[in-house]
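Colleague: Fold the stuff below for me.
(2 chains)
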Amino acid sequence: MRALPDVWVHRRPAGPSWGPLDDKSPAPKGPPPHTTGWHVLAVLLRNEFRARYRSQALGILWSLLNPLVQTAILSFIFSHVSAFKSAIPNYPVYLLIGVVVWQWFATAINTATQSFINNADIVKRTVFSRQIVPLATALSYGINFAMEALLVVALVVVWPHAFKLTPALLLVPVILAILAALIVGVVLATSVLNVIYRDVAFLVSTALTLLYWLVPIIYPVSFVNDAAVPRIYITLYHLNPVTAILVALRSCLMDGHAPSAVTWAGMLGPTALMLVTGWAVFRHYERMVLDYV
Amino acid sequence: MFSRATMPQPTRASGELIVRLDDVGKMFRRVEQKPFLLREIMKRLTMRADRPRDFWPLRHVSFDIHRGETVGVVGQNGSGKSTLLRLIAGAAYPTEGHIAVRGRIAPLLALGAGFQPDMTGRECVEINATALGLSKREIAARLDEIVAFAELPDFIDTPVRYYSSGMLARLGFSVAVHTDPDLLLVDEVLAVGDHAFQEKCIARIEQLRTDGVTIFFVSHDDSTIKRLCDRVLWLKDGRMAADGAAAEVLAAYEGR
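Modeller: Residues are numbered from 1 along each chain as shown, chains lettered A, B, ... in the order given. Sure thing, here's the model as predicted:
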């Protein structure tokens, strides 16, 4: 007979805590040891990714086709716009970076917002830290992103003069980590809210369509900087963390210098705020998810 | 049926305390049909719904379970049995009261949580067992045993969408009983599968019982409860109607 751990999982209305049962003094802080289970994240993440490309003959290759086609069409159309040509020297490279980053951001947020509903049975019938569910979905699209990033690497080979291979490249992983954190912050909030108000998924997808044009994916940032609008709008535009991330990535890859302090602030500030807000919203609605999903 | 004072007290197993429920209650907000038409949305927004919408599927439930006990739960549909199991499993939180559970729980609230049609049997076992709290190493060590018990060695690498419902149920049950639990929660899952497999499941539960696993068993099948359980809880409209030796409570329940 196995010896039981001397730990009790207490479930009180006020919140989960654990400690010896007969001890009426406040229970120790922190999650009970066997309900955290971060290894669940790895398994869910891998299976989520595998399940997505299970029944297709070409599997993951389909994930590469979409950004390729999108980049090809857009660069064909906009290479005829002379203003774009003069503002951006290597437009297809500029575009591909934007498209690939956006693909991860938008798909991960759209899908992870639905993650509790898509995984309803496992959420309702087993016990592990619930934040793992949206995280696994959002980060599984990070694997797709890694594949698509190979397209950018391939461009380095065929189009070397578009890139500056300088030490600034070392900052790329840091910027991508910020992007991942931003996605996590958003989906922590939207995934739980969507369980309680199913309208959230539609709201999110509409907001993303709008945001697509509010970040410099297709057009150069100089268009916004030179626009004849009050200064405040331009500042707000640059406070958008997605804008800052795109600007930073392109500056590292294509210009070969580290992002400016303003760009760092535009990435880190809103991302940190989003993470804190997302976590707070998640903690607030976490318990309701189990009853509503 | 019995007042709290005259309830027949079960013979306490001498084992350690595994589960304690102290005046536990669960409240749900009744969800009516969502407003769909614009007119209904306007109505909802302009005048507050004033119907009482609180619903307690379970309230004022208290009991202790010690290691090695096999406890059956009986009650009509809607009496709160499944809610009780979900609360103990941690798949729902109580609105009031206090629940303490100790050790590893294997909740058989439904078989095969996390099975996805496109994944192979092997992957489903991995994800299901992980969600039930097994580590990677434990899963690898038990995989052969799980597959053998489910009688699926030839199909384990087939996507589960090609499985029959019986095959799925066998795989799900097999994972749950191989998680080496301290507390096994069984909710009506033996209704699936053919007679031979049901027998095998019951035999396996009896085996676990002899091994000292504490079992919490919800069923409508009185004969299975009689065979497996030494103590029975009777739930009626979300309250404890009785808690006592299996034969006594079952007799009272049948004569209700």
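
Colleague: ok, and the closest non-adjacent residue to A:A87?
Modeller: Among residues not flanking A:A87 along the chain, A:P220 sits closest, at 4.0 Å (CB to CB, 6 or more residues apart in numbering or on different chains). In this view, the C-beta of every residue, glycine as well, is placed from N, C-alpha and C.

Colleague: contacting residues around that neighbour?
Modeller: A:P220 makes contact with A:84, A:87-88, A:94 under the criterion CB atoms under 8 Å, 6 or more residues apart in numbering or on different chains.

Colleague: List phi and psi for it.
Modeller: Main-chain torsions, A:P220, degrees, to the nearest 10: phi -80, psi 150.

Colleague: Spell out for me which residue occupies the centre of chain B.
Modeller: With distances taken as CA atoms, centre = their mean, B:D187 lies nearest the centre of chain B, 3.6 Å away.

Colleague: So that one sits against B:H220, correct?
Modeller: No: using CB atoms under 8 Å, B:D187 is not in contact with B:H220; the gap is 11.0 Å.

Colleague: For chain B, which segments are assigned as strands?
Modeller: B:17-29, B:54-66, B:70-74, B:96-101, B:105-108, B:183-187, B:214-218, B:231-236, B:239-245 (DSSP state E).

Colleague: Out of those strands, the one nearest chain A is which?
Modeller: Chain A sits nearest to strand B:96-101 of all those, at 4.3 Å, using CB to the nearest CB.

Colleague: can you pull the buried residues of the closest one?
Modeller: For strand B:96-101, a neighbour-count test (16 or more other CB atoms under 10 Å in any protein chain shown) marks B:97-101 as buried.

Colleague: With stretch A:213-232 instead?
Modeller: Buried, per 16+ other CB under 10 Å, within stretch A:213-232: A:215-221, A:224.

Colleague: quick one: the helix or strand where A:A154 lies near chain B?
Modeller: For A:A154, the host element (DSSP states H and E) is helix A:132-158. No: Helix A:132-158 does not reach chain B (CB under 8 Å from any CB of the partner chain); its nearest approach is 9.6 Å.

Colleague: buried stuff in that helix?
Modeller: Buried residues in helix A:132-158 (16+ other CB under 10 Å): A:132-145, A:148-149, A:151-152, A:155.

Colleague: got the contact list for A:V224?
Modeller: A:216, A:234, A:237.

Colleague: need the residues of the stretch 101-250 of chain A near chain B, please.
Modeller: A:119, A:121-122, A:124-128.

Colleague: so what pLDDT did residue 136 get?
Modeller: Using chain A. On pLDDT, A:A136 comes in at 92.

Colleague: actually chain B
Modeller: pLDDT at B:K136 comes out at 83.

Colleague: and it, how many residues sit next to it?
Modeller: Using other CB atoms under 10 Å in any protein chain shown, B:K136 is surrounded by 13 other residues.

Colleague: The closest residue to B:G114 other than its chain neighbours sits in which helix or strand?
Modeller: Excluding the flanking residues, the one nearest B:G114 by CB to CB, 6+ apart is A:I122, at 4.0 Å. Per DSSP H and E: A:I122 is located in helix A:120-125.

Colleague: got the end-to-end distance for stretch A:196-205?
Modeller: For stretch A:196-205, the first-to-last residue distance is 17 Å (CA to CA, to the nearest Å).

Colleague: And the contacts of that stretch?
Modeller: Taking CB under 8 Å, 6+ apart as the rule, stretch A:196-205 contacts A:109-110, A:113-114, A:117, A:190, A:193-194, A:285, A:288-289, A:292.

Colleague: do that again at 7 Å, thanks
Modeller: A:109-110, A:113-114, A:190, A:193-194, A:285, A:288, A:292 (CB atoms under 7 Å, 6 or more residues apart in numbering or on different chains).

Colleague: Same check on stretch A:233-253?
Modeller: Contacts of stretch A:233-253 (CB under 7 Å, 6+ apart): A:94, A:97-98, A:101, A:105, A:163, A:168-169, A:171-172, A:175, A:178-179, A:182, A:211, A:214-216, A:221, A:224-225, A:257-259, A:262-263, A:266-267, A:270-271.

Colleague: Please apply the same query to stretch B:225-245.
Modeller: With CB under 7 Å, 6+ apart, stretch B:225-245 has contacts from B:1-2, B:7-10, B:56-61, B:63, B:69-75, B:79-81, B:84, B:202, B:205-206, B:217, B:219, B:246, B:249-250, B:252-253.

Colleague: hang on, the earlier thing: so which of the contacts of stretch A:196-205 is surrounded by the most neighbours?
Modeller: Ranking the contacts of stretch A:196-205 using other CB under 10 Å puts A:T113 first, with 29 neighbours.
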